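> missing the sequence, but the structure's below:
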DNA sequence: GCTGTACTTGAGTGATTGTTCAATATAGAG
DNA sequence: CTCTATATTGAACAATCACTCAAGTACAGC
């Protein structure tokens, strides 16, 4: 009935994500995107509407994949606190993998964007709020199985953890050794594990 | 002997700093700067060389003023640990003051800039390294007066604190209540104070 | 009041920005 | 094959980008 598409949407989105994650919104030009996606402007606009739209879809993909990896880590540990600590230790390896950036793309966007890109800024803020909810949910679970002192506030702990992750990843964006990042992540993980109520057996 | 300058250099720099801190490097155009400094392009280039140069000088000013405020807080407390905790609590008020941004300008730059702005990126990284040194120095001092367990590593503690500050300020860039930021800063301050060796009297 | 010097101006530079759209190409249906 | 529907192209667009420089301006010293 019509001409078939030669570009896979998810594939194009992944390439755009890599570019945006590395260079940020403003420093990524449409020329860059044309090259990375191997598409001409018309095709890009027909598929994604605008640079801003493509950027927002990239952030959504980033958050979806990041959350999936987070959940995968959690599932490997029956204990919520142990899962969160393992997630932190995993971030210690940020300098070992080859990534577009060590920093979180959502945080980069939150700091880079302003009023002029309000919609994209909102999206970044909302996606981060979703991640915060997941953190809080895990502290809640830890409390329900008696792993965490009932006097502690899961909401505050969740926000604290998000701030720690933001800080760890921003710090890793500096030109520091992999060992330094590993040590920092380890210290954060230890602090988190110190929350474990005395007498609770580690069931890893 | 010649025509007098009508613009104060420090004053112009302060205005540029406010703009860059709020909007970031890429989103700040020369038009914006012309308006904020009330200077025409020729004057700006005669005085600061380039947009990149002006940006780097702005970062230097930012770091100098920020460090001065940090030292002022420290001087109000005879105990190093108490001083650092007070600094964290002060950051809890980020949402109360009217600032160009809640996030640290150096972190914003570290995350926004890339290879194309290598010199400015380096400057941001170096200035952050300088701040890290100050943190480490305070933990060192705490250790020397016996306020801090001698088995703890001041370098790791200093880096951890910098990551916490980065995280706190990035978190505060989200659309959260002032109370939420205060609570987060309080939790971080409490963790820091918990490092105080048992038996050491608080001399605040 | 004149002169020399340094500061300031602003129109203009070429390059690059995100975006549009008429033309073209290509697949499947008949 | 022809026809139709849709994917794709890429030249062209106006706007904006960082930046330059010749001309104009105003002050200090004489």
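Now that the structure is in, tell me what you want to look at. Quick caveat, the model's predicted, so the values are computed rather than measured.

> Can you tell me, leaving aside adjacent residues, what's nearest to residue A:102?
In space, and not counting its chain neighbours, residue A:102 is closest to residue A:172: 4.0 Å by C-beta to C-beta, 6 or more residues apart in numbering or on different chains. Where you see a C-beta, it was placed from the backbone N, CA and C, and this is true even at glycine.

> List the contacts of the one you found.
Residue A:172 makes contact with A:91, A:94, A:95, A:102, A:103, A:181, A:184, according to C-beta atoms under 8 Å, 6 or more residues apart in numbering or on different chains.

> Most neighbours of all those, which one?
residue A:103 (27 neighbours; other C-beta atoms under 10 Å in any protein chain shown).

> who are the neighbours in contact with the nearest residue to that one once chain neighbours are set aside?
Spatial nearest neighbour of residue A:103, chain neighbours left out: residue A:173 (4.5 Å); criterion: C-beta to C-beta, 6+ apart. Residue A:173 sits next to A:101, A:102, A:103, B:110, B:111 when contact means C-beta under 8 Å, 6+ apart.

> ok, so of those, who is nearest DNA strand D?
Of all the contacts of residue A:173, DNA strand D sits closest to residue B:111, with 18.4 Å by C-beta to the nearest atom of the strand.

> where's the closest one, which helix or strand?
Element membership for residue B:111, per DSSP states H and E: helix B:105-112.

> By neighbour count, which bits of the longest helix anywhere in chain A are buried? Give me those.
The single longest helix within chain A, with elements called by DSSP state H, is helix A:118-144. For helix A:118-144, burial by neighbour count (16 or more other C-beta atoms under 10 Å in any protein chain shown) applies to A:120-121, A:123-125, A:127-128, A:131-132, A:135-136, A:138-139, A:141-143.

> Same check on stretch A:37-47?
So, applying 16+ other C-beta under 10 Å, buried residues of stretch A:37-47: A:37, A:39, A:43, A:44, A:47.

> and these near DNA strand D, which?
Restricting these to those near DNA strand D by C-beta under 7 Å from any atom of the strand leaves A:39, A:43, A:47.

> Okay, and which of those map to helices?
Using DSSP H, the subset of those located in helices is A:43, A:47.

> Nearest to DNA strand D, out of the ones next to DNA strand D among the buried residues of stretch A:37-47: which one, please.
For those, the nearest to DNA strand D is residue A:43 (3.9 Å; C-beta to the nearest atom of the strand).

> hang on, that closest one packs against residue A:7?
Yes. Contact criterion C-beta atoms under 8 Å: residue A:43 and residue A:7 qualify, at 7.2 Å.

> Residues contacting stretch A:14-28, please?
By C-beta under 8 Å, 6+ apart, the residues outside stretch A:14-28 that reach it are A:32-33, A:36-37, A:48, A:54-55, A:57-59, A:61-62, A:99-101, A:105, A:108-109, A:112-113, A:117, A:120, B:24, B:26-27, B:111-112, B:114, B:116.

> was I right about residue A:85 contacting residue A:195?
No. Counting by C-beta under 8 Å, residue A:85 stays clear of residue A:195, with 9.6 Å between them.

> Which one's more surrounded, these two?
A side-by-side neighbour count of residue A:85 and residue A:195, using other C-beta under 10 Å, places residue A:85 first with 25 against 16.

> What's the separation between the more buried one and DNA strand C?
According to C-beta to the nearest atom of the strand, to the nearest Å, residue A:85 stands 40 Å off from DNA strand C.

> Same check on residue A:45?
4 Å.

> other SSEs contacting the host helix or strand of that residue?
Element membership for residue A:45 (DSSP H and E) is helix A:41-48. For helix A:41-48, the packing partners by 3 or more C-beta pairs under 8 Å, 6 or more residues apart in numbering or on different chains; DSSP states H and E come out as helix A:9-27, helix A:30-37, helix A:51-75.
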